[in-house]
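1. task: produce atomic coordinates for the following.
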Amino acid sequence: MLFVHCSSDQILLCDDSQHIVIPFEDIERTFPVALYAIFDPSVHTDILVINGPGSFTQLRVATVSLNLLNQIQHNTLTFIDIPKIGIYKNLAKKSKLPRRGVVFMGQRKNMRLVDCL
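-> Numbers count the residues shown, from 1 in each chain. Coordinates of the predicted model:
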């Protein structure tokens with residue numbers, strides 16, 4: 001399974017054997033190249049994506065690139081989509097995180113206090 005985390009300051013691509021961290025700078029050029037480099041159609045049929053809230057540019061570039069990859073693979077990829085808030089809720093229910101916390105919502109200045117439960 002290929003893992004894509006596109007809702008932070010960087011995009012993380014990883015699988016069982018490697019991981020690639022892509023900084024925000026020039027992401028339109030670097031993410032598609034890194035995605036193509038790590039993607040192996042004989043191994044990666046499922047792609048787990050942690051999506052927003054996050055940077056609009058990163059979410060847009062990741063979505064377009066993953067959709068294009070799926071088109072190239074004749075729509076054979078399965079995407080598993082997990083919003084970041086869902087992860088926080090799950091961890092809060094398991095007492096791994098505080099019940100209330102500050103969540104980054106896109107722009108750096110847009111922080112919100114969220115009740116996870």
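
2. wait, Ser8 sits on Gly52?
-> No - in terms of Cβ atoms under 8 Å, Ser8 does not count as a neighbour of Gly52; the distance is 10.4 Å. In short, each C-beta sits where N, CA and C put it, glycine included.

3. so where do the helices sit in this structure?
-> Along the chain, counting by DSSP state H, helices occupy 27-38, 56-72, 84-93.

4. nearest residue to Pro41 in space, please, no chain neighbours.
-> Spatially, and ignoring its direct neighbours in sequence, Pro41 is nearest to Gln73 (6.0 Å; Cβ to Cβ, 6 or more residues apart in numbering).

5. surely the one you found touches Asp40?
-> No - between Gln73 and Asp40 there is no contact under Cβ under 8 Å: 11.1 Å.

6. of these two, who's got more company?
-> Gln73 (13 against 10; other Cβ atoms under 10 Å).

7. which pLDDT value goes with the more buried one?
-> pLDDT for Gln73: 93.

8. also Met111?
-> 63.

9. Val114 now?
-> For Val114, pLDDT reads 63.

10. please apply the same query to Thr30.
-> 91.

11. and the nearest residue to it once chain neighbours are set aside, how far from Asn90?
-> Nearest residue to Thr30 in three dimensions, chain neighbours excluded: Ile22, at 5.3 Å (Cβ to Cβ, 6+ apart). Counting by Cβ to Cβ, to the nearest Å, the gap from Ile22 to Asn90 is 26 Å.
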